[in-house]
Structure formats: C-alpha cells, structure tokens
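Participant: Next one to model:
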Amino acid sequence: MDVYPTTTPLQRMRKADSMRAICDNVHGYVTMGPHVWKVVDTKHFQRLRHIKQLGLSYYVWPGASHNRFEHSLGVAYLARQMVMHLKDAQPELGITDRDVKCVELAGLCHDLGHGPWSHVWDGVYIPSALRAGFLPKDRDWRHEDASEMMFDDMMEQYDMDIPRQDVEFIKALIAGDQDRCSDEKPFLFEIVSNKRNGIDVDKFDYISRDTRAIGENQNLSLTRLINSARVIEDQICYHIKDANQIYELCYTRFSLHKRIYNHKTAKAIENMIVDAMLAAEPYLKIASYINDPKKYLGLTDDIRTEIQRSQAPELLEAQRILERIQNRDLYRCVEYKVFDWEHRELLEENITAAGIVAATKAEFSARVGQPAPGIDPEINEDDVITPEDIEDLTPDKVIVTFSTMHYGMKDKNPLDFVKFYPKSRPDECSHAQRGDLSLLMPKQFGEVLLRVYTKDIRFFGIVQSGYRTLLTRVTQSEPTSIDVQGSESDGIPERPRTPRTASRVSSFNKSFSVESGEGGENGSPFLNQFTTVSKGYGKSLAHPTSPTKIFGPLPVSAPDSNLALEPLESEDHSMVTRPPLQAPASPTAAKREPKTPVPARIGAGSTPRGIAGGVDSPVTGDDTALPSGHPGPGRGLRSSKRLREDGRDSKAKELSGNSSTPSKRRKT
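Facilitator: Numbering: from 1, shown residues only. Down below sits the predicted model:
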C-alpha cells in the first residue's frame, strides 16, 4: 500500500522522480522517499560516513570498515518494512502515513549522536573524562542525548517541513520512551528502540551487517521475523514457531560481544586511543563538544589524524601513544577471567589499578634484587626484579576493564519479555515456557569479563602476580594487609566495610565447585591457569632489539684452531662440546668436511652471544647448541629450525653408532 497520497498521474510521476534507490550489501536495492533523502543530504547525517560502526575492531578485522552511515540507512529501511507490515496485516491498528514517516525517520536518525569510534566515545572516553574532571561530575550523558541534540540542530538549519509535534514524536521514538508522547500508539516505540525486550530493527540490522563484515554467516531471516510480527495487547508479538529465531538473534548478539566487540587486542587499542585523547584533552577540550552541536559536527574518527598532524608541543604525548598503535606496540593483556553477573559490583569496587599496584609492591618489597622464581640470573639478567622496577610501577601503568556480555536484557532471559501467539489463535499471546522452547536453554544469560592490561611489558609478570594476590584476598577473605583502594594499610585505619561485602565474598565460593584438576596450578577457580607466566616475564622484551643485539658481532678473522672445546647444553639438557667457530677457506671446503661428533662432558659454557648459538643465543630461541662441525657464519645465517634439525641428526648418529659416516647437507 502506498504511503504517499496521490490523486493524479502527474503527481504520481513527480513522486516517482523524487524517489531514489541505493544498493545495500545487506538488504539489496532499497528505495526511499524524498523525506528520507532530505535528511541524508545534510551535513549532520553525512558526518556518519566518518565514524566506524565497530570502532577500533577494524584494527583486528580489516573487513569491518563499514560506518554508521550505511547502518542508519539499513535501520530506516527495516523500520519502514516493519511498520508497513503491521499496517497491511492489521488495518484495525489505525497506523497512518504520518506514523510510517515518523518511524522511518527515527530509524534514520537514531545514531546521529555517535562520536569518534562509535561506542568508544560514549562508553569509555566520556566516562573517563568525567572521572578526570574534564566535565561536570553530575553530567549523565548518552549518545542518544546527542542524537536528539543533532536532530534539533538539523531541524533548525534546514527546512524539513516537519511539524514540531512530529519532531518530538521522532525524538521519543529514538529514545524508546513512550511517556514523552503518551497519546501515541505504544507499540510504535518497540520498532526502533525497544526498551521492553530489546528486539528491534536496530538490532536486526547491526547483527546482520557486522557478521557479514567480519566474514561470517548468520542464520537469521529478517524477512521472516518482520512478517511474523503482530500487535497484540499493544505490544509486538511473534509466532511461536519463530521463537528459536528470536533466541538465535539474542545469542548472536552475545556472541558478537564475546568474540568481536570485546576482543582483547581491540580493547587494548581502545584503551590506547582513550589515553591519547585524554592526553590531548587539556589542549583540544574535545569533551566539551557534547554540549555544542556546531562543534560536534566536526567530531569524527578524523580527530586522530588531526592530533597526529598537529605541530603543537602540547600534543606530543598523545602523538607518542598513537604512534605506538601504528607500530603495533600495544598494551599487553596480563590476565583475564569471566565471573558471574552478580559479582560485578564487588569486583569493580575492589579490583582496581591502584589495588593491584599496592598488592604488587607489598609482595615484592622483601624480594627486590632477587631473580624471578625459576630463572637463573646468569642466563638472563634482565629477568631480575630490581628496586627500580617496583618503584616505576604506578597505577597509571595498569588498566582494569570490566566488560558485561549478555543476551540483550542484562542477566535476564530476553525471551521472558517476549510474547508469542499460535497459528490457531492469532489474537491471543502469552509467554513461552521452558518446554515450549527448548530444554537446553542456558541457566545464566549474563557474565562479566575482567581484564588487566599493562602499558609497559616489563611489568607483565609482576602485575599478574599482584593481581592474583589481590583477587585471592577479595574472593576468599576480607583484605587485611592491603587496602584494595591502593595504599598499604600498615598503620592506616581501614576504610569501613559494609556487611554485604562479606556476604558477596561468601557467594564467590558458592558459585564455583572446585573438583579435581580444576583451578589451575594454585587450585583456585578464580585464577586463569592458561595465562600463568614467571614473575620476571616481559623484562627481556621491554625494549626493541637492534640487529647488533640479535646477531652479535661477526668474527673478523678465524680464531686459533688450538682453542679448547667449548661445552654447551643441548636440547635434552645433556652437555655436549663443539670446537669454536672457524671461518672455512671456502663454502666447498665446508661442504666436504665431515661432521665428527664429540663425546659429551659436563662443564660450564662460555659461548659468546650471537649466531654461534650459545646458552643465551637469541637465534635458536632456546638452549640448543649448533651441531659439531658446523661451518659457522661463513655459510651465512641459518634458521633456528634448521639448527635444531642438524643437532638432532648428530645426536641420532651418535646413538646409532654410525657417527663416522659423513652426513649429507640438505639443500636450502
């Protein structure tokens, strides 16, 4: 049914001429009316071309380069499809052409207020700017607020021919708040932004678009869901046979958050971008743009390019962080763990960067200058924990993030908020019971992912140790010697703790059932056994390695052939010896020289670092010696895999008794 009233063929022709079509990679060819294109052809909407839909996930999935621009067009299309279906299927609802137009425009403009890198702006940066004091503490801001601000400014600058009452209706549809327009049809507020159960066309579009962008398939049929929708008791319900499709939609949302939106590398880059923006904030004052629509127009992902291009000395720190992203010198994820939804508040209160640093300093205060457990300082002295390491570790070098992942209704089952109707009674709806859907539904629908990052890799091991110490105290007993807010409590009165904290601590132990083999090396279910490293891990990786450090100085002349054999520890930890490196007269001579194995003896090696591959050789990557009779650097550098193979061949011949037979060199 045509929503644009026409009376004559000439008017129909003029209307057809004003329609425009686009080819969308998700919905195919889409035709929209002039009222849509009037909004699209404004600077407020064109701004969305420069804001990535998935923010910084683009650095992990290069195909996820789509922007808020195409997503908004897709939501407008689906909003129109939904409201037109309801109008055609249920004429008794009294849906008017004005309702269709307002719902379509609400879908088109619902993301006008997104800032740089989408949810990084409103979900991370603005809260960080509030905590840092760059904005008033009582400022409660969401991107929906900016969407309304930008929509009002658009109406003021352009002649849209939209009545003021319709403008307020569109803004209420964007917010999903029926109370703001109580005289409008309540079910219309569930099409673009559904606050009742989260099932709306915004979710339909971004789930389909995002899964396609990252190269995966999804089993959702948007056309089927739209055609299944029906208004009963002033709310949108669905056919019971499509209950699994609704569940699949909710699960896919959770899966995208779990695997894509909260990817550890994308989150590391997100933290670095936020740090760079905070470093630039005193000079640029970009956080204050949320109050000015004229300034907000220029706030896109291009802000990063502006910072990097600037010659202002005030932006040097921000530029340094952004350069680290380009060089892939990222913040490192030290530890992660998934917790029950109910423990989020307790974790956020107690697991802080300051608390981790305080626990780290207390743990290592008596051990500074000592090598990390299991590491011999003679092998790698960089792994010794020094007083400077402990002193340099400050809370600003540690980041703790909490990511909530759920099916769309926090810790609740979204299907409990959706009503279904049967084919035999299309005007009656009710909630589905467990047996009506599936017996394999999960028991929990929300979880909290805790991650700890370090900005300097040399603190990797000690930060992990401090975090584990703090977490053990929080989850097993009340902290006593360490104030989890960041200061050592010796001689300092502890801050008051409410009884509910103790009850929440006890709930930790009830939520995990530790059986044989669970809980990792420490037997605790709260520590991740797959991320365990040594206390000194990261020390030797802290600084970029130059080619000179990697390969060592090349010998200028052949050493004396009368030098004694040098003992060296092999892969199986037995001690073998080999003659010192000598430069052969020619490659041919080296090829003719047979490999004569040398009997093993116990001793301490003094092999220099470099391509010779000694105890500390960075070429081989382990404690494996070059095989006896190896021609050395005269043949050029050889891969660590080749060196290990030659070593194994030599040892195998010793054991088999055929060591006197010269071995053939493999072709490279």
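Participant: surely M441 meets N413?
Facilitator: Yes: if you go by C-beta atoms under 8 Å, M441 and N413 touch, sitting 7.2 Å apart. All C-beta atoms are positioned from the backbone trio N, CA, C, and that covers glycine.
Participant: The two: which is more packed in?
Facilitator: Using other C-beta atoms under 10 Å as the criterion, M441 and N413 rank with N413 on top: 22 against 11.
Participant: thought the more buried one was touching G446?
Facilitator: No: between N413 and G446 no contact is recorded; they are 9.8 Å apart, counting by C-beta under 8 Å.
Participant: who touches both of the two?
Facilitator: Counting by C-beta atoms under 8 Å, 6 or more residues apart in numbering, the common neighbours of N413 and G446 are Y407.
Participant: Kindly provide the distance from L299 to F69.
Facilitator: 15 Å (C-beta to C-beta, to the nearest Å).
Participant: can you check Q165 too?
Facilitator: Counting by C-beta to C-beta, the gap from Q165 to F69 is 28 Å.
Participant: One more: R458?
Facilitator: When R458 is compared with F69 (using C-beta to C-beta), they lie 43 Å apart.
Participant: And V334, by the same measure?
Facilitator: 37 Å.
Participant: sorry, back to before: looking at R458 and F69, which has the bigger crowd around it?
Facilitator: With neighbours defined as other C-beta under 10 Å, R458 and F69 compare such that R458 has more, 22 against 18.
Participant: Can you classify the more buried one by secondary structure?
Facilitator: helix (DSSP: H, G, I helix; E, B strand; the rest coil).
Participant: and it, what does it touch?
Facilitator: 389, 538-539, 541-542.
Participant: Now the two most distant members of these.
Facilitator: D389 and L541 (13.8 Å; C-beta to C-beta).
Participant: Let's see the pLDDT reported for E281.
Facilitator: Per-residue pLDDT puts E281 at 96.
Participant: try V505
Facilitator: 50.
Participant: Going forward, count from 342.
Facilitator: Got it, the first residue is 342 from now on, which makes the last one we talked about V846.
Participant: Okay, now the unreliable bits of the stretch 392-541 of the chain?
Facilitator: Across the stretch 392-541 of the chain, residues meeting the criterion (pLDDT under 70) sit at 479-480.
Participant: at 80 what do you get?
Facilitator: The stretch 392-541 of the chain contains residues with pLDDT under 80 at 478-481.
Participant: now the stretch 742-891 of the chain
Facilitator: 817-867, 880-891.
Participant: For the stretch 642-791 of the chain, which segments are assigned as strands?
Facilitator: Remark: strands assigned in the stretch 642-791 of the chain by DSSP state E, counting those that start in this stretch are 673-681, 739-747, 760-762, 771-772, 787-795.
Participant: Just put those in JSON lines and tack on distance to A447.
Facilitator: Formatted as JSON lines, these follow (distance: least, C-beta to C-beta, whole Å):
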{"stretch": "strand 673-681", "distance to A447": "36"}
{"stretch": "strand 739-747", "distance to A447": "25"}
{"stretch": "strand 760-762", "distance to A447": "23"}
{"stretch": "strand 771-772", "distance to A447": "28"}
{"stretch": "strand 787-795", "distance to A447": "28"}
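Participant: out of these, nearest to L446?
Facilitator: strand 760-762 (27.7 Å).
Participant: Other residues contacting that closest one?
Facilitator: Under C-beta under 8 Å, 6+ apart, the answer for strand 760-762 is 571, 573-574, 576, 578-581, 583-584, 768-773.
Participant: of those, buried ones?
Facilitator: 571, 573, 576, 578-581, 583-584, 770, 773 (16 or more other C-beta atoms under 10 Å).
Participant: Cross those against helices and list the overlap.
Facilitator: A584 (DSSP state H).
Participant: Okay, strands next: where are they in this structure?
Facilitator: Applying DSSP state E to the chain gives strands spanning 361-365, 369-373, 571-573, 576-580, 673-681, 739-747, 760-762, 771-772, 787-795, 907-910, 916-919.
Participant: Enumerate the positions of stretch 390-404 that are buried.
Facilitator: In stretch 390-404, counting by 16+ other C-beta under 10 Å, buried: 391-402.
Participant: about what we covered before: so D730 and L882 - more neighbours on which side?
Facilitator: D730 (20 against 13).
Participant: what sits against that one?
Facilitator: 709, 799-800, 803, 880.
Participant: Of these - the most surrounded one?
Facilitator: I803 (28 neighbours).
Participant: wait, isn't that one in contact with I726?
Facilitator: Yes: because the distance of 6.6 Å satisfies C-beta under 8 Å, I803 is recorded as touching I726.
Participant: overlap in contacts of these two?
Facilitator: 705, 876-877.
Participant: Where does the prediction get shaky in the stretch 592-741 of the chain?
Facilitator: For the stretch 592-741 of the chain (pLDDT under 80), the answer is 706-726.
Participant: mind listing the helices in it by residue range?
Facilitator: 605-625, 634-637, 644-650, 657-667, 685-691, 694-705, 728-733 (DSSP state H, counting those that start in this stretch).
Participant: Buried residues, the third one. List them.
Facilitator: If you call a residue buried by 16+ other C-beta under 10 Å, then helix 644-650 has these buried ones: 644-645, 648.
Participant: Neighbours of the nearest residue to I692 once chain neighbours are set aside, how many?
Facilitator: Residue nearest to I692 in three dimensions, not counting chain neighbours: V741, with 5.8 Å by C-beta to C-beta, 6 or more residues apart in numbering. Here the number of neighbours of V741 (other C-beta under 10 Å) works out to 20.
Participant: before we move on, what about R361?
Facilitator: 14.
Participant: same question, R669
Facilitator: Neighbours of R669 using other C-beta under 10 Å come to 9.
Participant: Likewise for D777?
Facilitator: 12.
Participant: Widest-spaced pair of the buried residues of stretch 390-404?
Facilitator: H391 and V401 (20.0 Å).
Participant: ok, now how distant is V679 from V789?
Facilitator: 7 Å.
Participant: Look at the two and report which has more neighbours.
Facilitator: Comparing V679 with V789 by other C-beta under 10 Å, the one with more neighbours is V789, at 21 against 12.
Participant: isn't the more buried one right next to E683, touching?
Facilitator: No: with contact defined as C-beta under 8 Å, V789 and E683 do not form a contacting pair (9.0 Å).
Participant: R409 and D543: what is the separation?
Facilitator: On the measure of C-beta to C-beta, R409 and D543 end up 12 Å apart.
Participant: now swap in H604 and tell me
Facilitator: Taken as C-beta to C-beta, the span from H604 to D543 is 22 Å.
Participant: Tell me which of the two has more neighbours.
Facilitator: Set H604 next to D543 and count neighbours by other C-beta under 10 Å: D543 wins out with 24 against 17.
Participant: so who does the more buried one touch?
Facilitator: Counted by C-beta under 8 Å, 6+ apart, D543 has contacts 416, 448, 451, 533-534.
Participant: quick revisit: include distance to Y624 when you put the buried ones among the contacts of strand 760-762 into TSV, please.
Facilitator: Output for the buried ones among the contacts of strand 760-762, formatted as TSV (distance: C-beta to C-beta, whole Å):
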residue	distance to Y624
R571	55
I573	56
Q576	50
C578	54
Y579	52
H580	57
I581	59
D583	54
A584	54
C770	57
A773	56
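Participant: and L663, what does it touch?
Facilitator: 613-614, 617, 645, 648-649.
Participant: for V542, that is, sorry about that
Facilitator: 416, 419-420, 422-423, 448, 532-533.
Participant: what's the spacing between the residue nearest to Y592 when sequence neighbours are not counted and S413?
Facilitator: Nearest in space to Y592, with sequence neighbours left out and distances taken as C-beta to C-beta, 6+ apart, is Y748 at 6.6 Å. Separation of Y748 from S413 (C-beta to C-beta): 24 Å.
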